[in-house]
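A.B. asks: quick one, what's the 3D model for this:
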Amino acid sequence: MEKLNLQTPVLNVENQFLKKDLPILKIGDTVKVGVKIIEGNKERIQSYEGTIIAKKNSSINTTITVRKIFQGIGIERIFLVHSPKVDSITVIRSSKVRRSKLYYLRNLKGKASRLRQLF
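C.D. replies: Have a look, this model is predicted:
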């Protein structure tokens, strides 16, 4: 008797909503995320540029935490990668890191928080 796999129908539904044109995202990459913003009845795309400090989950639930410094204050934002609100993700620069989470960047100031670029 064949065992019923309950995950298969869920995965079939999720695959319809996965984005196919995403770049390979790694921890330490500097990315530009285009976010759809709705103001009244108008819609525009606002770019958010920063470093990926964390990745979580998999498949349709993949999230990235992007950190940027704005006027000397660190701002972090979590993006659901396959969300319809995320218009585009572009990798600007890759960095060489040896950790899976870069939370230590929160405590560093100025030039100490730079990452070594990967060519």
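
A.B. asks: who does the helix or strand of the chain with the lowest mean pLDDT touch, helix- and strand-wise?
C.D. replies: Every helix and strand of the chain was ranked by mean pLDDT, DSSP states H and E. The lowest is helix 7-17, at a mean of 86. When contacts are defined as 3 or more CB pairs under 8 Å, 6 or more residues apart in numbering; DSSP states H and E, helix 7-17 sits against none of the other helices and strands. C-betas here are computed from N, CA, C, even on glycine.

A.B. asks: now for the helix or strand following it, which elements pack on it?
C.D. replies: Helices and strands here follow DSSP states H and E; after helix 7-17, the next one along the chain is strand 30-39. The helices and strands touching strand 30-39, judged by 3+ CB pairs under 8 Å, 6+ apart, are strand 42-56, strand 63-70, strand 86-93.

A.B. asks: tell me which residues of strand 30-39 come out buried.
C.D. replies: Across strand 30-39, burial judged by 16 or more other CB atoms under 10 Å covers Thr30, Val31, Val33, Gly34, Val35.

A.B. asks: can you add pLDDT and give these back as TSV?
C.D. replies: Formatted as TSV, those follow (pLDDT from 0 to 100):
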residue	pLDDT
Thr30	96
Val31	96
Val33	96
Gly34	96
Val35	96
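
A.B. asks: tell me the one among these nearest to Leu108.
C.D. replies: Distances from Leu108 to these, taken as CB to CB, are shortest for Thr30 (15.9 Å).

A.B. asks: what bridges to that closest one?
C.D. replies: Taking DSSP bridges as the rule, Thr30 bridges to Thr51, Arg93.

A.B. asks: okay, it and Ala112: tell me how far apart.
C.D. replies: As judged by CB to CB, to the nearest Å, Thr30 and Ala112 stand 17 Å apart.

A.B. asks: ditto for Thr65
C.D. replies: In terms of CB to CB, Thr65 sits 20 Å off from Ala112.

A.B. asks: more neighbours, the two?
C.D. replies: Thr65 (19 against 8; other CB atoms under 10 Å).

A.B. asks: can you tell me the closest non-neighbouring residue to the more buried one?
C.D. replies: In this structure, Thr65 finds its nearest non-sequential neighbour in Ala54, 4.1 Å apart by CB to CB, 6 or more residues apart in numbering.
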